[in-house]
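Student: pasting the structure only:
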DNA sequence: TCAGAAATTTGATCCAGCGCAAATTCTTGG
DNA sequence: CCAAGAATTTGCGCTGGATCAAATTTCTGA
């Protein structure tokens, strides 16, 4: 049984698009280890706009995203969404255990239909010990989150709306860009409202930015889709 | 030789105000371990507004603050300071190693004259292994930083200037408040400019907030000093 | 003790971007 | 294929807060 098959078997799902052993946390494991890993895993399919977990929930599991994209963020009392980070395939999420938290501090929502594996948080310390890549991957995940959040704070504190939207588009393009004939397309459904939730502005302002840039040929966007044609022409 | 003396000896400084063994990272160590710890440590005195390290510097050391307060943040191309977090005595800082970074991502500046110990980053993994409290303290430190940064992002993305300033004052009061006859004083020099660097606004707007609140008896502030008289009366 | 620097206050003006409203376009389930 | 919902665009007026300017207060070092 090869590795992809072992995942597939665990998930009763012949169509998994990713090979978990290719992901850093579980690199360099024996087939026996991988089988054990998969035996303990739970497979989650989550439809677009549904959540894997909500802020405040007890942190019962930690996850790895196999396919799809997630928006992770908070909701304020008056209903504003604030999206703090995106998760792309191969990344861990729901890793409250990594920083001593008993419950999730954010909500993880599928931006496109999502497929993930999870393990009970009780296994966290064991994974940290047993799987060499796991500790490493955790460090890297924390590092990229912290620097992303720092960037976001600087941006919110000092940049104008246009620049914040531009930076966000560029980051998404790098994280989840797919080359097309006339530019790089962001590979999941992305509304004006989504972008405004990421940048602390309104969907109206985002729409105005995109319209302006489209007139200049910098981007091409349609409903839920954004293609970046001239990345270097985006402001600042 | 008691513990305080062992620190003092290491620093050729008879006046250290803190006992490092009382700090979580080094709790429950033997005297022999503490002496070894201190033998490897470097003592740093840093004047107000001077830095322990600057963003981009190679992360050669990690630190524990013994006395004073630090502002940790970034400077943008056009000179804006953005302060992301404060460090109070007993906390670790400069812990780039905890999240897989080769260089410091922020500048650590003394808000009041600062006293800290540092160790070479090469010792990080050894400390994580040998000192039971160290791993624990690292997790907690990462956790509180991440949640603080999340709060800050939500605040910047959704709250008005007044609320952001109020939240910041309250947080500083909790972290570094000293009771006085007519309220809780923030225990380090804090200018209007400093507060605006923390809240993504201008010193003028901060001054207007404080003036208004002072008229209502909510705060009492003078040059570089802020006393909170009625915390519950601050907006939101 | 005094001069200059640093910090604060306050007024006046202006504009980026929010809130609101309405029309339009795109998508989907029945 | 159509109806209803979802997403987007665009115009307009208003305001929170930035920017500019200047006076005042507080502190520090010579």
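Tutor: Looks like it came in fine. As the structure is a prediction and not an experimental result, all values here were calculated from the model.

Student: tell me who's in contact with residue A:229.
Tutor: Contact analysis of residue A:229 by Cβ atoms under 8 Å, 6 or more residues apart in numbering or on different chains lists A:182, A:183, A:217, A:218, A:219, A:220. (C-beta placed from N, C-alpha, C; glycine too.)

Student: got the phi and psi for the closest residue in space to it that isn't next to it in sequence?
Tutor: Distances taken as Cβ to Cβ, 6 or more residues apart in numbering or on different chains put residue A:183 closest to residue A:229, at 3.8 Å, once the chain neighbours are dropped. Here is the backbone geometry of residue A:183 (degrees, to the nearest 10): phi 150, psi -170.

Student: I'd say residue A:183 and residue A:228 touch.
Tutor: Yes - here residue A:183 reaches residue A:228: they are 5.3 Å apart, a contact under Cβ atoms under 8 Å.

Student: find residues that contact each of these two.
Tutor: Joint contacts of residue A:183 and residue A:228 (Cβ under 8 Å, 6+ apart) are residue A:219.

Student: which of those two has more residues huddled nearby?
Tutor: residue A:228 (25 against 19; other Cβ atoms under 10 Å in any protein chain shown).

Student: and the helix or strand containing residue A:36, what does it pack onto?
Tutor: Secondary structure from DSSP states H and E places residue A:36 in helix A:31-40. The contact analysis (3 or more Cβ pairs under 8 Å, 6 or more residues apart in numbering or on different chains; DSSP states H and E) places helix A:31-40 against helix A:3-11, strand A:114-120.

Student: so which bits of the last one are buried?
Tutor: So that's strand A:114-120. The neighbour-count check on strand A:114-120 (16 or more other Cβ atoms under 10 Å in any protein chain shown) flags A:114, A:115, A:116, A:117, A:118, A:119 as buried.

Student: quick one, what contacts the last one?
Tutor: So the one you mean is residue A:119. By Cβ under 8 Å, 6+ apart, the neighbours of residue A:119 are A:40, A:41, A:42, A:61, A:62, A:127.

Student: can you redo those as a markdown table with pLDDT, distance to DNA strand C and neighbour count?
Tutor: As requested, the contacts of residue A:119 are arranged in a markdown table below (pLDDT from 0 to 100; distance: Cβ to the nearest atom of the strand, whole Å; neighbours: other Cβ atoms under 10 Å in any protein chain shown):
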| residue | pLDDT | distance to DNA strand C | neighbour count |
| --- | --- | --- | --- |
| A:40 | 94 | 35 | 15 |
| A:41 | 95 | 30 | 21 |
| A:42 | 95 | 27 | 13 |
| A:61 | 98 | 29 | 25 |
| A:62 | 98 | 32 | 22 |
| A:127 | 95 | 38 | 20 |
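
Student: now tabulate these in a markdown table and tack on distance to DNA strand D.
Tutor: Formatted as a markdown table, those follow (distance: Cβ to the nearest atom of the strand, whole Å):
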| residue | distance to DNA strand D |
| --- | --- |
| A:40 | 36 |
| A:41 | 31 |
| A:42 | 29 |
| A:61 | 28 |
| A:62 | 29 |
| A:127 | 37 |
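
Student: farthest-separated two in the residues you listed?
Tutor: A:42 and A:127 (14.6 Å; Cβ to Cβ).

Student: show me which residues of chain A sit near chain B.
Tutor: Residues of chain A lying close to chain B (Cβ under 8 Å from any Cβ of the partner chain) are A:74, A:76, A:80, A:82, A:84, A:98-101, A:105-106, A:136, A:139-140, A:142-143, A:145-147, A:149-150, A:152-154, A:156-158, A:199-200.

Student: drop anything exposed from these.
Tutor: For the residues of chain A next to chain B, a neighbour count by 16+ other Cβ under 10 Å gives the buried set as A:74, A:80, A:82, A:84, A:98-101, A:105-106, A:139-140, A:142-143, A:145-146, A:149-150, A:152-154, A:156-158, A:199-200.

Student: in helices, which of the residues you listed appear?
Tutor: Mapping these onto helices (DSSP state H) picks out A:139-140, A:142-143, A:145-146, A:149-150, A:152-154, A:156-158, A:199.

Student: can you list the residues of chain A near DNA strand D?
Tutor: A:191-193, A:203-204, A:207-208, A:210-211, A:214, A:221, A:223-224 (Cβ under 7 Å from any atom of the strand).

Student: again, 6 Å this time
Tutor: For chain A, the residues in contact with DNA strand D (Cβ under 6 Å from any atom of the strand) are A:191, A:192, A:193, A:203, A:204, A:207, A:208, A:210, A:211, A:221, A:223, A:224.

Student: let me have the residues you listed in CSV, extended by distance to DNA strand C and secondary structure.
Tutor: Converted to CSV, the residues of chain A next to DNA strand D look like this (distance: Cβ to the nearest atom of the strand, whole Å; DSSP: H, G, I helix; E, B strand; the rest coil):
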residue, distance to DNA strand C, secondary structure
A:191, 11, coil
A:192, 11, helix
A:193, 12, helix
A:203, 9, helix
A:204, 5, helix
A:207, 9, helix
A:208, 8, helix
A:210, 13, helix
A:211, 12, helix
A:221, 11, strand
A:223, 4, coil
A:224, 7, coil
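
Student: by neighbours, which of the residues you listed wins?
Tutor: For the residues of chain A next to DNA strand D, counting by other Cβ under 10 Å, the largest number of neighbours falls to residue A:192: 22 neighbours.

Student: pretty sure that residue contacts residue A:209?
Tutor: No - Residue A:192 lies out of contact with residue A:209 (Cβ under 8 Å); the separation is 9.2 Å.

Student: centroid-nearest residue for chain A?
Tutor: Centroid-nearest residue in chain A: residue A:87, 1.0 Å away (criterion: Cα atoms, centre = their mean).

Student: got phi/psi on the nearest residue to it once chain neighbours are set aside?
Tutor: Leaving aside its sequence neighbours, residue A:87 sits nearest to residue A:70 (Cβ to Cβ, 6+ apart; 4.0 Å). Here is the backbone geometry of residue A:70 (degrees, to the nearest 10): phi -120, psi 150.
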